[in-house]
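Chemist: Okay, sequence plus prediction incoming.
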Amino acid sequence: MVSSPATESLELPVLGSRRLSNVLVALVVTTGGLGFLLTSASSYLGTDLLPIGHPAELAWLPQGLVMGLYGLAAMALCSYLWAVIGIDVGAGSNRFDRAAGTATICRRGFRQTINVEIPLREIQAVKVEVRDGLNPRRRLALKVQGRRDMPLTRVGEPMPLADLELSGAQLARFLGVPLEGV
């Protein structure tokens, strides 16, 4: 949380898809895809291209061909994952400026940067959403007059509850609006 000395503005950075968990998943998918492709090539060429197992003993039809298709699918998926990580989709900031009377929500998308400006007078509350279970959700959102709730926190791994409540309380105090959902 970064605020100016005069406390007229507040800027909250938002983490995008360039996280360790996403890099690890992309590495696993890349390694698996290369393994499937090398197994398929070994089966076709009749030569072991992998140091473990004996993939050259597999029949090209159907096992080698199917392994190659799995490898191509994995390589397409890992290309997408590496592109999302490289672009850092979802990264951005939430800027609240009392002097200008605006809140600016900025996020990096695939092809363009997404900027949403909201007049501060239209913000009714800061909303804390906590949902546990199979698909947990912990996020901060702005309750805006005449619009859907505007999410402020990152997508992915849930924030610790104490950090979520503290951030929500500080933002609500800065904006002079109530904090809902706690």
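Modeler: Okay, I see it.

Chemist: which residues of this protein score low on pLDDT?
Modeler: Low-confidence segments of the chain, defined by pLDDT under 70, are located at 1-6, 182.

Chemist: Would you map out the domains in it?
Modeler: Using automatic domain parsing, the domain parsing of the chain gives 2-16+91-180, 21-87.

Chemist: Now render these as JSON lines, adding mean neighbour count.
Modeler: C-beta here means a position set from N, CA and C on the backbone, and glycine is covered the same way. Formatted as JSON lines, the entries for those read as follows, by neighbours: other CB atoms under 10 Å:
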{"stretch": "domain 2-16+91-180", "mean neighbour count": "15"}
{"stretch": "domain 21-87", "mean neighbour count": "16"}
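
Chemist: Which elements pack onto whichever helix in the chain runs longest?
Modeler: For the chain, the longest helix by residue count, based on DSSP state H, is helix 20-45. Secondary structure elements in contact with helix 20-45, counted by 3 or more CB pairs under 8 Å, 6 or more residues apart in numbering; DSSP states H and E, are helix 65-87.

Chemist: Which elements pack onto the helix it packs on?
Modeler: Taking 3+ CB pairs under 8 Å, 6+ apart as the contact cut, helix 65-87 packs with helix 20-45.

Chemist: Report the distance from stretch 154-171 to the chain centre.
Modeler: Shown here is stretch 154-171, whose average C-alpha point lies 15 Å from the average C-alpha point of the whole chain (CA atoms, centre = their mean, to the nearest Å).

Chemist: now do stretch 129-143
Modeler: Taking mean C-alpha positions (CA atoms, centre = their mean), stretch 129-143 and its chain are 15 Å apart.

Chemist: Angles on the backbone of residue 53, please.
Modeler: Here is the backbone geometry of residue 53 (degrees, to the nearest 10): phi 70, psi -180.

Chemist: Could you check what's spatially nearest to it, not counting adjacent residues?
Modeler: Leaving aside its sequence neighbours, residue 53 sits nearest to residue 39 (CB to CB, 6 or more residues apart in numbering; 8.0 Å).

Chemist: check contacts around that neighbour.
Modeler: 49-50, 53, 55, 58, 64, 67, 71 (CB atoms under 8 Å, 6 or more residues apart in numbering).
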